[in-house]
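**Q** sequence and predicted structure are below.
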Amino acid sequence: MAGEEQVSREEEKTEEDIRLVEILHGALLKDKTRLMAASSIHLPPLKAHQIDQILMRLGRNTGLALLFFKKVGQQQGFQHTLFSVLTIAHILARARWLRELRAVLKQALLDKGCYSAPSICDFFRNAFKNWETSSSVLDMMVNIYSQAGLTRDAIFILCCMKDLGFRARVRSYNAVLSKVDCIDTVCDIFEEMQRCNICPDIYTYTIIIYHFCKHQKLQEAIEVLPRMEENDSKLMLLRTIQL
């Protein structure tokens with residue numbers, strides 16, 4: 001009997017959660033103009049899974065979803081779950097709100113600090129690997145980690161993207177290459193780009209040559225120059241064809 005009563009209470013609790021989410025979601029949509037204009041609006045105490053559900057429901061309303069995310073985050077002592085952060089990140093990526101996407105991810109990743117990429121990737125594989133904007137979100141993470149000097153985390157995200165079948169942009173590889181100090185790592189990343197059929201651009205070759213020169217490998221730097229010129233010629237030809 002005690003077990004049945006516990007199950008019954010849990011079912012009632014779940015139904016209450018669903019009703020609260022539905023009511024609040026409807027209220028947000030109904031009064032979104034007032035909500036967006038208000039600077040001190042108060043939300044009722046919400047549990048993490050309720051916030052996640054509301055964000056999912058607001059997914060197509062990017063501005064409202066972001067505002068709700070920020071308002072909840074302003075509550076004293078509250079910290080968003082990784083699921084909430086990645087949910088709003090995907091919403092922003094789908095709408096191409098890249099500045100806002102960078103701001104949300106930067107705060108979350110830097111708060112977690114160095115060597116946080118493995119746990120984030122594990123969570124990502126379990127919850128978000130099939131989302132259509134996953135590649136854009138992970139690609140932004142590479143850039144943020146790189147700019148913060150957290151190159152190990154950035155490289156880990158690149159490996160995660162490859163495992164999930166995503167292609168990082170050449171700009172993301174450049175961001176990592178520009179922050180790496182070890183010449184062997186630079187060469188490994190450069191070779192990995194070519195294995196993945198990611199065409200280096202003029203900035204990639206400039207970074208590679210800089211690293212070779214920095215480590216007194218002048219012959220290797222000279223050998224890169226013809227490839228750099230060939231790549232630049234191909235880019236110019238492609239631009240001409242497009243025009």
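**A** Structure's in. What do you need?
**Q** check which helix or strand covers the spatially most central residue of the chain.
**A** Closest to where the C-alpha atoms of the chain average out (Cα atoms, centre = their mean) is Val137, at 3.0 Å. Following DSSP states H and E, one finds Val137 within helix 134-147.
**Q** buried set for the strand or helix carrying Leu109?
**A** Secondary structure assignment for Leu109, by DSSP H and E: helix 98-112. Buried positions in helix 98-112, judged by neighbour count with 16 or more other Cβ atoms under 10 Å: Glu100, Leu101, Arg102, Val104, Leu105, Lys106, Ala108, Leu109, Lys112. C-betas here are computed from N, CA, C, even on glycine.
**Q** out of these, who's nearest Ile209?
**A** Using Cβ to Cβ, Arg102 comes nearest to Ile209 of these, at 28.8 Å.
**Q** ok, now how distant is the residue lying closest to that closest one once chain neighbours are set aside from Arg169?
**A** In this structure, Arg102 finds its nearest non-sequential neighbour in Met140, 6.1 Å apart by Cβ to Cβ, 6 or more residues apart in numbering. Going from Met140 to Arg169 by Cβ to Cβ, to the nearest Å gives 10 Å.
**Q** chain center to stretch 49-68: distance?
**A** Stretch 49-68 has its C-alpha centroid displaced from the chain centroid by 17 Å (Cα atoms, centre = their mean, to the nearest Å).
**Q** picking that back up, tabulate the buried residues of helix 98-112 (TSV), appending distance to Thr206 and pLDDT.
**A** Converted to TSV, these look like this (distance: Cβ to Cβ, whole Å; pLDDT from 0 to 100):
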residue	distance to Thr206	pLDDT
Glu100	31	95
Leu101	27	96
Arg102	24	96
Val104	31	95
Leu105	27	96
Lys106	26	95
Ala108	31	93
Leu109	27	94
Lys112	32	91
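**Q** residues in contact with stretch 203-216: which ones?
**A** 170, 173-174, 177-178, 180, 183, 186, 190, 193, 200, 218, 220-221, 224-225, 227-228, 231 (Cβ atoms under 8 Å, 6 or more residues apart in numbering).
**Q** which of the residues you listed are buried?
**A** 173-174, 177-178, 180, 183, 186, 190, 193, 200, 220-221, 224, 228, 231.
**Q** inside helices: which ones of these?
**A** Using DSSP state H, the members of these that fall within helices are Tyr173, Asn174, Leu177, Ile183, Val186, Phe190, Met193, Glu220, Ala221, Val224, Met228, Asn231.
**Q** now for those residues: which two are most distant?
**A** With Cβ to Cβ as the measure, no two of those lie farther apart than Ile183 and Asn231, at 20.8 Å.
**Q** re the thing from before, pick out whichever of the buried residues of helix 98-112 sits closest to Thr151.
**A** The nearest member of the buried residues of helix 98-112 to Thr151, counting by Cβ to Cβ, is Leu109 at 13.3 Å.
**Q** and the residue nearest to that closest one when sequence neighbours are not counted, what is it in contact with?
**A** Excluding the flanking residues, the one nearest Leu109 by Cβ to Cβ, 6+ apart is Ile144, at 5.4 Å. Applying Cβ under 8 Å, 6+ apart to Ile144 gives the contacts Arg102, Leu105, Lys106, Leu109, Leu110.
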